[in-house]
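*Asks:* A predicted structure for the sequence below; I have some questions about it.
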Amino acid sequence: MNILDIKPKPGQGVYVYEFPVRAWHWTIAACIFTLFVSGFCIAHPPQSLTGDPTRIFHFGHIIMTHYIAGMILAIAMLCRLVWAFFGNAVSRQIFIVPFWRKSWRDGFVGDIKWYLFINKKPDINMGHNPLAQAAMFLAVLCMFYMCFTGLGVYSAKGYSALSRSFHFMENLAYNLGGNGIDLVLWHRMGMIFLVAFVMIHVYMVIREEIMGRTTMISTMTNGVRMVKATLMQDWRDVRAEAEGREGQAK
Amino acid sequence: MAKRAFETHYDRLRNNGVSRRDFLKFCSMTAAWLGLAPALATNIAHALETKPRLPVIWIEGLSCTCCTESFIRSSHPLAKDIILNMISLDYNDTLMAAAGFQAQDAFENAVLANAGNYILAVEGNAPFGNDGMYCIDGGRPWLRRLEAGAKHAKAVVAWGTCASWGCIQAARPNPTDATPIAHIIHDKPVIKIPGCPPIPEVMSALVSYVVTFDRLPNVDAQGRFAAFYGQHVHDQCVRRAHFDAGEFVEEWDDDGAKKGYCLYKMGCKGPTTYNACPNTRWNDGVSYPIESGHPCLGCSEQDFFDQGSFYSRIKDIPTLGTMATAEAVAAGVAGTVAVGVAIHAATSCAFHLHEKKLKEQAVEEAKIEAGVQEENRKDK
């Protein structure tokens, strides 16, 4: 049975995020944070130092941090893509958005209504909710985009086999009528999207953890998505139940 | 000197008073620039002594002549001699004495005499706007001269950023529709030597290479002479150690500027510019812009004039009909998202608390309801 179709009772959980998915999530979270900070430092270098440059390698270390974190991110993204072929249905969700399914589109509209406070009760999804899925898909695309532009900037300096295979990025910038500095600009533009994504992602996760009907943060930690026992019993359910009893009594 | 039916480069240099010692120095230097093994300097010398000289026809389109000006302004007289004689200019609008019809004839004669054998050095580019009427040469659009020159050429050298990329006359909005040479000449190899102006030594190295090896040098994916345009200015820079150390010029004329620190914060385009300035340097190896204390403008790069300020590495981008830096856009987006999140979070809190209150009420009511029913049942 597809893991996405399981409808657990309140208080029950389903193992949705397998270990590679969780390891990937926290690896890239750490990488992205490191890349934000070091990337900002590269664009706006810290206050100038003084001294013998033979013994100081301060800015070099910042750039090296950015390169190493970027390489780890690129490898992690590649591994995650490979894992989508071996993992469960949830692991494929961020790569394939089934917008052609009516149920998915309805869920998407339902999620928007829930976030606009029109729906009083969110849907229960074992995987990502449709809105989140669409956002994750864009974020994954953006991550690959960042890997390509970043490796394009990085490999412009080198002539190794790895570097040469990314020279096409800089040539793309030339063929579009710019030069290497455009590649840096594109990389920076992608960063803007990722900053916005991370802010919204963290906010939404915390919000869902409090107001939603399933667990979120612990799910990405231990892999189990629980349907909350308490919140399942919405006041409408309580009232409906009470009215039902009343009806029975009569 | 043995009499030959043809003139070699060496003959020409000796006739112009270049000593053999200087000639050999030049050969060693050229071998080093081209990245050849030291022993190959002898091959270069031998080829220049025995093979017929390679004629260069130099034509000028829409340009400012800065390429020619830089070319003839090597401070060292011998270096100037070597370079100028090396390329044995057969036709050059600026340098030759002929004018008018004489000049027209000189061009046609030079092309006919060396057909299939000469290198066409093109300085400047061709405007296509109004059928090429923005650049008239001898009463006809200069484009015709370019086509005539390229027809019999062995190879075309796009000399300078104008010819290579379009440069300033092709900057937005490009009113004359100035078009780089590689977009016009398709049937001949076009070697780009960008730079505004380009380094003169690249031309003599190119000629030496072609004479020595009888083939055109390697070019990169963009058609640039790979030996000179294979590395960023940044990676050869004399101030690179200060970059890695984190020692920057913070503002003009500060302590860092006096100590020769890195100009990255002053908008240096070195990290994205392919050129050989730090290796060959200018004015006979005296200096180059960064060494002299000015950030690199990236003049040998495509579209360098449209990349925002020369003193900022952060490019302007079109935003809602105006130009904003990428940083301003980033700050705007992040700020908007932050405000949106804050408003949504506050609304969510209110919503959540309201729902909670309703739930508690409902639970209370249900309890009372249940109590009443319980009593009713007892009564029965």
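*Replies:* Done, it's in.
*Asks:* C-alpha only now, for contacts and for neighbours.
*Replies:* Will do.
*Asks:* Run a quick check on residue B:125 versus residue B:63, I expect a contact.
*Replies:* Yes. In terms of C-alpha atoms under 8 Å, residue B:125 counts as a neighbour of residue B:63; the distance is 6.9 Å.
*Asks:* Please identify which of the two sits among more neighbours.
*Replies:* In this comparison of residue B:125 against residue B:63, neighbours counted by other C-alpha atoms under 10 Å in any protein chain shown, the higher total goes to residue B:125 at 32 against 21.
*Asks:* Who are the contact partners of the more buried one?
*Replies:* B:60-63, B:162-163, B:166, B:178-181 (C-alpha atoms under 8 Å, 6 or more residues apart in numbering or on different chains).
*Asks:* Could you rerun that using 10 Å?
*Replies:* Residues in contact with residue B:125, defined by C-alpha atoms under 10 Å, 6 or more residues apart in numbering or on different chains, are B:60-63, B:135, B:142-143, B:146, B:158-167, B:169-170, B:178-182, B:184.
*Asks:* Now the buried members of these.
*Replies:* Buried residues within the contacts of residue B:125, defined by neighbour count using 16 or more other C-alpha atoms under 10 Å in any protein chain shown: B:60-63, B:135, B:142-143, B:146, B:158-167, B:169-170, B:178-182.
*Asks:* Let me see the contact set for residue 51.
*Replies:* Here I'm looking at chain A. Contacts for residue A:51 (C-alpha under 10 Å, 6+ apart) come out as B:242, B:245-247.
*Asks:* try again with chain B
*Replies:* If you count contacts by C-alpha under 10 Å, 6+ apart, residue B:51 has them with B:6-10, B:211-212.
*Asks:* One more: residue B:132?
*Replies:* So residue B:132 contacts B:126, B:140-144, B:176-178 (C-alpha under 10 Å, 6+ apart).
*Asks:* if we can go back for a sec, which residues are in contact with both of residue B:125 and residue B:63?
*Replies:* Taking C-alpha under 10 Å, 6+ apart as the contact rule, the neighbours common to residue B:125 and residue B:63 are B:135, B:160-163, B:166-167, B:169.
*Asks:* Present the residues you listed as TSV; the columns should include distance to residue B:314 and secondary structure.
*Replies:* Supplementary listing: those in TSV, determined by distance: C-alpha to C-alpha, whole Å; DSSP: H, G, I helix; E, B strand; the rest coil:
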residue	distance to residue B:314	secondary structure
B:135	35	coil
B:160	25	coil
B:161	22	helix
B:162	24	helix
B:163	26	helix
B:166	22	coil
B:167	20	coil
B:169	23	helix
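*Asks:* tally of neighbours for whatever residue of the stretch 251-380 of chain B ends up closest to chain A?
*Replies:* Taking C-alpha to the nearest C-alpha, chain A has its nearest neighbour within the stretch 251-380 of chain B at residue B:359, 4.1 Å off. When neighbours are counted by other C-alpha under 10 Å, residue B:359 registers 20.
*Asks:* which SS state does it fall under?
*Replies:* Using DSSP: H, G, I helix; E, B strand; the rest coil, the structure places residue B:359 in helix.
*Asks:* Test my guess that residue B:260 contacts residue B:249.
*Replies:* Yes. Using C-alpha atoms under 10 Å, residue B:260 and residue B:249 qualify as a contacting pair, with a distance of 7.9 Å.
*Asks:* Out of the two, name the residue with the larger neighbour count.
*Replies:* Per other C-alpha under 10 Å, whichever of residue B:260 and residue B:249 has more neighbours is residue B:249, with 26 against 18.
*Asks:* where does that one land on pLDDT?
*Replies:* Taken from the predicted model, the pLDDT recorded for residue B:249 is 94.
*Asks:* residue boundaries of the helices in chain A?
*Replies:* Along chain A, counting by DSSP state H, helices occupy A:19-43, A:58-83, A:89-93, A:102-115, A:130-155, A:161-164, A:167-175, A:180-211, A:217-222, A:229-232, A:235-249.
*Asks:* Could you save these as a markdown table and add columns showing mean pLDDT, distance to chain B and mean neighbour count?
*Replies:* Formatted as a markdown table, the helices of chain A follow (pLDDT from 0 to 100; distance: least, C-alpha to the nearest C-alpha, whole Å; neighbours: other C-alpha atoms under 10 Å in any protein chain shown):
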| stretch | mean pLDDT | distance to chain B | mean neighbour count |
| --- | --- | --- | --- |
| helix A:19-43 | 95 | 8 | 17 |
| helix A:58-83 | 96 | 4 | 18 |
| helix A:89-93 | 91 | 25 | 19 |
| helix A:102-115 | 92 | 9 | 16 |
| helix A:130-155 | 94 | 9 | 19 |
| helix A:161-164 | 88 | 11 | 13 |
| helix A:167-175 | 91 | 7 | 19 |
| helix A:180-211 | 91 | 5 | 18 |
| helix A:217-222 | 92 | 18 | 16 |
| helix A:229-232 | 58 | 10 | 14 |
| helix A:235-249 | 63 | 4 | 14 |
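*Asks:* out of those, nearest to residue B:189?
*Replies:* Ranking these by distance to residue B:189, with C-alpha to C-alpha as the measure, places helix A:167-175 first at 18.1 Å.
*Asks:* and that closest one, what does it pack onto?
*Replies:* helix A:130-155, helix A:180-211 (3 or more C-alpha pairs under 10 Å, 6 or more residues apart in numbering or on different chains; DSSP states H and E).
*Asks:* circling back: restrict the buried ones among the contacts of residue B:125 to those near chain A?
*Replies:* residue B:165 (C-alpha under 10 Å from any C-alpha of the partner chain).
*Asks:* Would you check how far apart the residue of the stretch 251-380 of chain B closest to chain A and residue A:149 are?
*Replies:* Residue B:359 sits 51 Å away from residue A:149 when distances are taken as C-alpha to C-alpha, to the nearest Å.
*Asks:* before we move on, what about residue B:336?
*Replies:* With distances defined as C-alpha to C-alpha, the gap from residue B:336 to residue A:149 amounts to 26 Å.
*Asks:* roughly how far apart are the spatially closest residue to residue B:67 that is not a sequence neighbour and residue B:326?
*Replies:* With C-alpha to C-alpha, 6 or more residues apart in numbering or on different chains as the measure, residue B:197 is the residue that lies nearest to residue B:67, at 4.7 Å, once sequence neighbours are left out. Noted for residue B:197: a distance of 30 Å to residue B:326, by C-alpha to C-alpha.
*Asks:* before we move on, what about residue A:167?
*Replies:* Distance of residue A:167 to residue B:326, given as C-alpha to C-alpha: 24 Å.
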